[in-house]
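S.K.: Just the structure for this:
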Amino acid sequence: SLLDGARAAGNPDVHVRMSPLERGKRLGPLDLPCHEEIESSSLKFLTTQPVGWDFAQAVSRFNANVSYSGLLHATTQEHLFAENKEKLISAGISSLISKEGDQESIPLLELEQQFHALRRLVASKAGFSCFTTLPGFREKVGWKVAKALKRNDDGISHAAIDMLCALMEPMHQDYDLRQEQLNKSSLLSSEKFLDGLLDMWTGLVVRQAGALVVAGVLDFLTFSLCSPYSETTDGKQFDTLLEKVAGRGRTLFRLFQHPSMTIVKGAGLIMKAIIEEGEEEIGARMQQLALAEGALPQHLLTALYTQSADGRFLTNRQLSRHLVGLWTTSTAPTMELMKRILPAGLLTFLESEDTVPNDDIDRLNTRDNLKLAMEADKKDSNAVLLAAGKGLATAKVAALATAELVTEKTYVYTDQAKKIAEKHMELALTHWRQRMGSNWQPSINWVRSDTSPSTGPAWLSKNNERPIVLRKRREHVKSTANWLLFYYHFNKDHSKSNLIWNYKTREELREGLESEIAAFKQARELSGKAMISWNHTEFRVDYNSLGEEIRIGDYFLRLLLEEDQMGGQESVITDSSTFFNDLYHRFLLTPKVEMKCLCLQAMAIVYGRHWEDIGPFHDTRYILAMLDRSVDRQERDRLVLFLSKLILHRENVVDVLKAGGLKTL
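M.R.: So this is what the prediction gives:
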């Protein structure tokens, strides 16, 4: 959590080492980045070591002088005698994989230094692309990581996996989605490697050890399976890896009990991907495991009670709310549990169509892949073309206007400028065309070059480069309930006939969830290796603060009568027939006159509002007999009031007349 928090606060250089940094090898203060000449020299020394140095010393000095987030000067400058940084990076990587030594006997500290050096190099754009362009690099890295994981050292495993994550997801700002797709395709191509990685991860989770390694594997899986990163994962490889992770579902649910919020968040993101994009059977199994592993009350607690200004906690809250929605979709046992935990009046907001006054921002999907794909390969474009690309990404009208502007401006440039303009306009239009269709194509004013006449835009040519194709996300399970309105009203106080909700009831729910979670954790710890499941069928929350309220079914009589006296016309009663029968049953059973009067008054209100739904009342003759025998004025008045509502139904009028009701009145 400390590592994740530091990186989230904007420090990409923070990392974990097995030994302290050797400050004597750093040619500058720690609080400032090293000069470009120092970076270049350290990089060159990886290829050619000075006299008296061995390769291990060159690697350690490189790590001491280069930031963990990568080379700050990783691109060739546009001036005379500028160094070719791309060649230097490629040479440094070649040296690292050729002089790595025996990976099974090399000291652990040296092996860690090699992984850290690779991590620094592949964090740059040139190093990131070397994974697929540099001959032998991919195979060497595969063997290197496989042998490192077999050494069963958490420090080495963490360094290796962190380096793999830098190859999965670009750590530099200038995104290249096509290269990201190529790297992912190579890394996920070996099922044997994936099985070994997941088996190691499972073992650590079961032993409750290696939190850094567990978090690193979760990052690797997040970049492979979770939106928005999964859009650049090959579809077949995505399905294969998703099934492998889903097969270890209990391991994933164990992480929801982890003390680190970072690991809980990572597990939640992967769970979200499994339920949404997995097959129906996989989603149903995850929903069952959410109950058996006690994950639902944990996330419900986070979803309901997280109040913080810290963006990380709010991200976890948003994730928990999303998971609770997925776990309760089309699952009867889960909804039955929710009815035992929460008041029925609060759950009615899930079926409401009202909107929430305020909404929170999306803290889970923070990268727009479509925008990145449309802006790909625009490195050489001028300001006019950059504006054109952004215009195309916003709307069709803006695209037309920008195209006309580029057409007009480029006429004053040279023929070379016209070629560049046409190339980049067509590239942007090709990517945008994949989304917007082809209705508007004939209306574009294309820029032509006198030296290369054509009969149409370049995207009609067979020799054009294939656009970046993003994997389309699936949502097999999607919550349709109005959870936003539910969470909004959860934090409000309510005093209605179907819901009394205030600070006391919220605290009673919190205490009930926390005590149940603690009891389940304790039982799991005491059980050792035995597999136990949460007994969710017997869990319920009792609201003792409402014990003095007269309650029939899901409704409070006192508030129902008060609402009627205040002239409230809007009825909150959902199942009127059941509630009316419950009232009549209580009326027949109670020996107290005061309680009979309350029931009669409530029955009059309910029947007056819902007599069409309830239908005819078959005990009208009994009510008239009670009125005839009554010696209590309040009871008499309530019986008359009830009769006045009964005669709204035509069949009840006939029963009153047949029983001599006029004479009784």
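
S.K.: Tell me the spacing between Asp632 and Arg638.
M.R.: Using Cβ to Cβ, to the nearest Å, we find Asp632 at a distance of 9 Å from Arg638. (C-beta placed from N, C-alpha, C; glycine too.)

S.K.: typo on my end, it should be Thr590
M.R.: For Thr590, the distance to Arg638 (Cβ to Cβ) stands at 13 Å.

S.K.: Mutual contacts of these two, please.
M.R.: Lys596 (Cβ atoms under 8 Å, 6 or more residues apart in numbering).

S.K.: Looking at the two, which has the bigger crowd around it?
M.R.: Each of Thr590 and Arg638 has its neighbours counted (other Cβ atoms under 10 Å); Arg638 has more, 24 against 13.

S.K.: Run the chain-centre distance for stretch 479-487.
M.R.: Chain-centre distance of stretch 479-487: 16 Å, with Cα atoms, centre = their mean, to the nearest Å.

S.K.: Quick one: the strands in the protein, in order.
M.R.: Secondary structure of the chain (DSSP state E): strands located at 494-496, 499-501, 551-552, 555-556.

S.K.: Give the pairing partners of the third one; include direction for each.
M.R.: Same thing as strand 551-552. Applying DSSP bridges, strand 551-552 is found paired with strand 555-556 (antiparallel).

S.K.: Need the contact partners of the longest helix along the chain.
M.R.: Of all the segments of type helix in the chain, defined by DSSP state H, the longest one is helix 503-527. For helix 503-527, the surrounding residues in contact (Cβ under 8 Å, 6+ apart) are 257, 294, 297-298, 300-301, 304-305, 341-343, 490, 493, 532, 534, 539, 541-546.

S.K.: Let's have the strands of the chain in CSV, adding mean pLDDT and distance to Gly660.
M.R.: Listed next are those as CSV, based on pLDDT from 0 to 100; distance: least, Cβ to Cβ, whole Å:
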stretch, mean pLDDT, distance to Gly660
strand 494-496, 88, 40
strand 499-501, 90, 43
strand 551-552, 80, 31
strand 555-556, 80, 34
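
S.K.: how many other residues sit next to the residue lying closest to His158 once chain neighbours are set aside?
M.R.: Distances taken as Cβ to Cβ, 6 or more residues apart in numbering place Leu212 nearest to His158, at 4.5 Å, with adjacent residues excluded. Leu212: 19 surrounding residues under other Cβ under 10 Å.

S.K.: coming back round to it: of the contacts of helix 503-527, grab the buried ones for PyMOL.
M.R.: To isolate the buried subset of the contacts of helix 503-527 in PyMOL, counting by 16 or more other Cβ atoms under 10 Å, use the following:
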select buried, resi 257+294+297+298+300+301+304+305+341+342+343+490+534+539+541+546
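
S.K.: Inside helices: which ones of the contacts of helix 503-527?
M.R.: Among the contacts of helix 503-527, DSSP H puts Pro297, Gln298, Leu300, Leu301, Leu304, Tyr305, Ile341, Phe490 in helices.

S.K.: Closest one to Glu475 out of those, please.
M.R.: Nearest to Glu475 out of these is Leu300 (Cβ to Cβ; 22.1 Å).

S.K.: Please name the nearest non-neighbouring residue to that closest one.
M.R.: Per Cβ to Cβ, 6+ apart, closest to Leu300 is Val324, 5.7 Å.

S.K.: And the one you found, what's its pLDDT?
M.R.: Looking at Val324, its pLDDT stands at 90.

S.K.: Enumerate every residue touching it.
M.R.: By Cβ under 8 Å, 6+ apart, the contact set of Val324 is Leu296, His299, Leu300, Ala303, Trp483.

S.K.: That one and Tyr487, how far apart?
M.R.: Using Cβ to Cβ, Val324 is found at 10 Å from Tyr487.

S.K.: Now for those two: what residues contact both?
M.R.: What both Val324 and Tyr487 touch, as defined by Cβ under 8 Å, 6+ apart, is the set Ala303.

S.K.: Could you list the low-pLDDT ranges of the stretch 401-550 of the chain?
M.R.: Applying pLDDT under 70 to the stretch 401-550 of the chain flags the ranges 401-468.

S.K.: Quick one: low-confidence residue ranges for the chain.
M.R.: Along the chain, segments meeting pLDDT under 70 span 74-83, 175, 309-312, 358-468, 566-571.

S.K.: Verify the stated contact: His476 with Glu281.
M.R.: No. The pair His476 / Glu281 is not scored as a contact, 10.3 Å apart, by Cβ atoms under 8 Å.

S.K.: Which of those two has more residues huddled nearby?
M.R.: Neighbours were counted for His476 and for Glu281 using other Cβ under 10 Å; His476 has more, 12 against 9.

S.K.: residue contacts, the more buried one?
M.R.: Ile275, Glu276, Glu277, Gly278, Glu279, Glu280, Gly283.

S.K.: Mind putting those residues into JSON lines with neighbour count and distance to Ile106?
M.R.: Shown next, in JSON lines, are those (neighbours: other Cβ atoms under 10 Å; distance: Cβ to Cβ, whole Å):
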{"residue": "Ile275", "neighbour count": "26", "distance to Ile106": "43"}
{"residue": "Glu276", "neighbour count": "18", "distance to Ile106": "43"}
{"residue": "Glu277", "neighbour count": "22", "distance to Ile106": "40"}
{"residue": "Gly278", "neighbour count": "22", "distance to Ile106": "40"}
{"residue": "Glu279", "neighbour count": "15", "distance to Ile106": "44"}
{"residue": "Glu280", "neighbour count": "10", "distance to Ile106": "48"}
{"residue": "Gly283", "neighbour count": "22", "distance to Ile106": "45"}
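
S.K.: Out of the residues you listed, flag the one nearest to His172.
M.R.: Taking the contacts of His476 together and measuring to His172 by Cβ to Cβ, the closest member is Glu277, at 28.0 Å.

S.K.: For burial, what's the neighbour tally of the nearest residue to the closest one once chain neighbours are set aside?
M.R.: Nearest non-adjacent residue to Glu277, counting by Cβ to Cβ, 6+ apart: Arg474, 4.5 Å away. Residues near Arg474, counting by other Cβ under 10 Å, number 14.

S.K.: any idea how far Lys150 is from Arg474?
M.R.: Separation of Arg474 from Lys150 (Cβ to Cβ): 36 Å.

S.K.: How about Leu314?
M.R.: Distance, Leu314 to Lys150, using Cβ to Cβ: 40 Å.

S.K.: wait, isn't Trp611 in contact with Glu651?
M.R.: No. Contact criterion Cβ under 8 Å: Trp611 and Glu651 do not qualify, at 10.6 Å.

S.K.: farthest-separated two in the ones in helices among the contacts of helix 503-527?
M.R.: Maximum pairwise distance in these, criterion Cβ to Cβ, is 17.1 Å, between Gln298 and Phe490.
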